[in-house]
Every structure is written in structure tokens, then in C-alpha cells.
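Student: I'll drop the sequence and a predicted model, then ask my questions.
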Amino acid sequence: MKNIILTGDRPTGPLHIGHYVGSLRNRVLIQNEGNYDEMYVFAADAQALTDNFDNPKNVRKNVLEVVMDNIACGLDPNKVVFFIQSEVPELTELTFYYMNLVTVSRLHRNPTVKEEIKVRGFDESIPAGFFTYPVSQSADITAFKANIVPVGEDQLPMVEQAREIVRKFNSIYNTDVLVEPNAKIPNTENERRLVGTDGNAKMSKSLDNCIYLKDRKVFSMYTDPNHIKVEDPGKVEGNTVFTYLDVFCKDNSFSKYLPEYKNLDELKEHYRKGGLGDMKIKRFLNDILQEELKPIREKREELERNPEYVLNVLKEGTMKARKKAGETLKEVKKAMNYFE
Ligand code: ATP
Ligand code: MG
């Protein structure tokens, strides 16, 4: 079987460090290991419109942003096919056939969609397009016969939905044209669902609690509300600065930026006891993050000066994507024994 990787980002804003640890780092790792046959990364603009239909301008503007972020993080347009979801109408057609294989009650049970409906305040007036986006996401994944989907934890129910559709389709039409995808999620809980700077929900473009890959400073963060004076003992658990340090701190970070401590355990111990100020740990985190983000930012600035190049990458990639999705659509219709 071929190894086909596919993943996408909603162009609702530039990418943040949650995307980076949740999915982008894995994408780059897979690309660099080179153990794959095809790799696709796309701007999920049609999906973004399902809850941003009143602001298509913003979605359109962010298509280039998310693609630039991906390339800046190390994805190579010579190895990865980048495309725009709405420019591959074959995906919409597949979605329409898949709709018949999913019940409304099954869609209601999707925990991520449930949560997103709450956060967006849709209550009872949920746009049908938004409600059914897991079906369109199944079309995105299966059109390319992707078997590996590098995503954060919130996407597990979507990959599960796609697996169910594949099984149902293959069994009803007695075929094996569709391939069951597997999610590839990061190793640690914090990376799978990086918390927002407000310390509450997951970091998300739609929630205004992000550190963007292009940000230069990271000082406004939820720590421990009872840690008012430096001498006060502080809490480490649920403290966003320490959560981010858990994710980003490297072996040599202390010798470089905070040599008076040996490691993260020692720093945590001091914070718990009292006598360690929030400013100091934030400055330390900022140093570590900037080291990781600086090369990304520099590459991104280079790309920003050359939007023609990025547009061209998307043009070529979208053509390739249409070809592949068209082939699958043909196979699907053939399996259904329908007009081909
Ligand atoms: P939106 O608020 O518009 O949904 P988002 O910030 O959730 O935006 P998406 O484009 O929906 O971003 O997600 C892109 C990818 O990044 C997905 O694989 C998702 O699982 C992953 N991801 C997003 N946010 C996080 C996070 N906070 N931690 C880990 N992974 C994340
Ligand atoms: Mg999301």
C-alpha cells in the first residue's frame, strides 16, 4: 500500500504555536524522513466559510497566510502538494455522495463539533454547512486516499468519521476503492491540545488566545492568580507558562538563558516554594520561543516579499490535486455503478 499523507488548515488566521506542536512539527518530520509516496497540505477555505460565510474576505486573505506559515516551518513545495480546497470541486461532489452514508444523529454525537457549536454561540441555529463539515473533511481525506493524517487531538473525531464512511462505502458498494485513514497525533497531552494563553480552552484562532508563529513577544499569559508577590508560593499545574515550558524547553535552554538553574524540575521547585517572579519565567519562555520561532519568522518574511511564488505553488499544486481527486471520484462513481 502507498503511504499518502494529507492534512489541512482552516484559513481563519495565521498559524499559532498550537498548530506547530499539534501538527506542523509532525508534517515536517514526516517530510524529512521521506518515507511517503505523496504528501498534500491544503488551505481548508470551503470549510472555513462554514462558520465565516459573512466574512469571505478574511478567509481569502488567510489562504496565503497559512500556506506561507507551512513553508516557513520547513515544508518544501518540491516535496509537498499545496492546494486550495474550494478550487477542487471534485471534493464537493464526493461530499454530496458521502452525505447519504451519515445520519444526523451521528453528526450530533461528534464531540469536537458539539464544542465548536457552543464556542461559536450557534445554539439552535447551526448552519447546515458547519454541522456537516466532518463529511466534507472525509471527502478531503479520502479523495487523496490518505492513510496518514497528522493532526491535533481535536481532529480525532473527524478522522474516525472518515473511517466510518470508508467502511460503509466499501461495504455497500462491495469495493475497496476508499482507504481508511489513521490520525498521527503528537506524543504528549500538552502537544496534542496546547492550551491557550488564557489558560482555559485550547489555543485556537477563533478564540483570540494565541501566540502566532509570527509574533515577536509573548508576555501576556495566564499564570497563577494567587501568585501576586514574588515571595508567594506559586502553582505550576495549570500555569500556562510552565505548560509551554514543558513543551518547548530543551536540554541546553538553561545553560543558554537561565544558568542559575539546572533544569525545569529545579525551576518548578523554586516557583512552588516562592521567591521566583512571573516576569522571570515569562522572559525565559520568551527566549526559548524566540529561538525556535526566529528562523520561521525570517523565512516567512522572505515569502511575504514574494507572494507570486506562493501563488504559483498553489496554482501548480491545485492542478495536481484536481487530477488526483478526479481519478478517485471516477472510481467512486464506478463502484456505485453510476454515471461515470
Ligand atoms: P479555528 O479556530 O478556525 O478552528 P484552529 O486554531 O482550531 O482554527 P485549525 O485550522 O482548525 O486551527 O487546525 C489545524 C490543525 O492544527 C489541526 O490538525 C488541529 O488539530 C491542529 N491544532 C489546532 N489547534 C491546536 C492546539 N491548540 N493544539 C494542538 N493542535 C492544534
Ligand atoms: Mg479548529
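Tutor: On my side now, so go ahead. Ligands and ions are numbered 1, 2, ... in the order given.
Student: only C-alpha atoms for contact and neighbour calcs from this point on.
Tutor: Noted.
Student: list the helices and strands the helix or strand containing residue 314 packs on?
Tutor: Per DSSP states H and E: residue 314 is located in helix 307-335. With contacts taken as 3 or more CA pairs under 8 Å, 6 or more residues apart in numbering; DSSP states H and E, helix 307-335 sits against helix 56-72, strand 81-84, helix 90-98, helix 133-143.
Student: For the longest one, enumerate the helices and strands it packs against.
Tutor: In this structure, helix 56-72 packs against strand 38-43, helix 45-49, helix 278-304, helix 307-335, with contacts taken as 3+ CA pairs under 8 Å, 6+ apart.
Student: Recalculate using a threshold of 6 Å.
Tutor: On a contact count with 3 or more CA pairs under 6 Å, 6 or more residues apart in numbering; DSSP states H and E, helix 56-72 meets helix 278-304.
Student: again with the second one
Tutor: Strand 81-84 is packed against strand 38-43, helix 307-335, with contacts defined by 3+ CA pairs under 6 Å, 6+ apart.
Student: ok so, going back, save the helices and strands packed on helix 307-335 as a markdown table, and put in mean pLDDT and distance to ligand 1 too.
Tutor: Below are the helices and strands packed on helix 307-335 laid out as a markdown table (pLDDT from 0 to 100; distance: least, CA to the nearest ligand atom, whole Å):
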| stretch | mean pLDDT | distance to ligand 1 |
| --- | --- | --- |
| helix 56-72 | 97 | 9 |
| strand 81-84 | 98 | 13 |
| helix 90-98 | 98 | 18 |
| helix 133-143 | 98 | 11 |
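Student: ok so, going back, can you say which of the helices and strands packed on strand 81-84 is packed in most?
Tutor: Mean neighbours per residue, mean count of other CA atoms under 10 Å, is largest over the helices and strands packed on strand 81-84 for strand 38-43, with a mean of 23.
Student: Identify the residues contacting that one?
Tutor: The contact list for strand 38-43 (CA atoms under 6 Å, 6 or more residues apart in numbering) reads 4-10, 63, 80-84.
Student: So which bits of the protein are right by ligand 1?
Tutor: By the rule CA under 6 Å from any ligand atom, the part of the chain lying against ligand 1 is 9-10, 12, 18-19, 22-23, 151-155, 191-195, 202-206.
Student: Which members of those occur in helices, if any?
Tutor: Within the residues of the chain next to ligand 1, membership in helices is found for 18, 19, 191, 192, as judged by DSSP state H.
Student: Right, I'll call it a day here.
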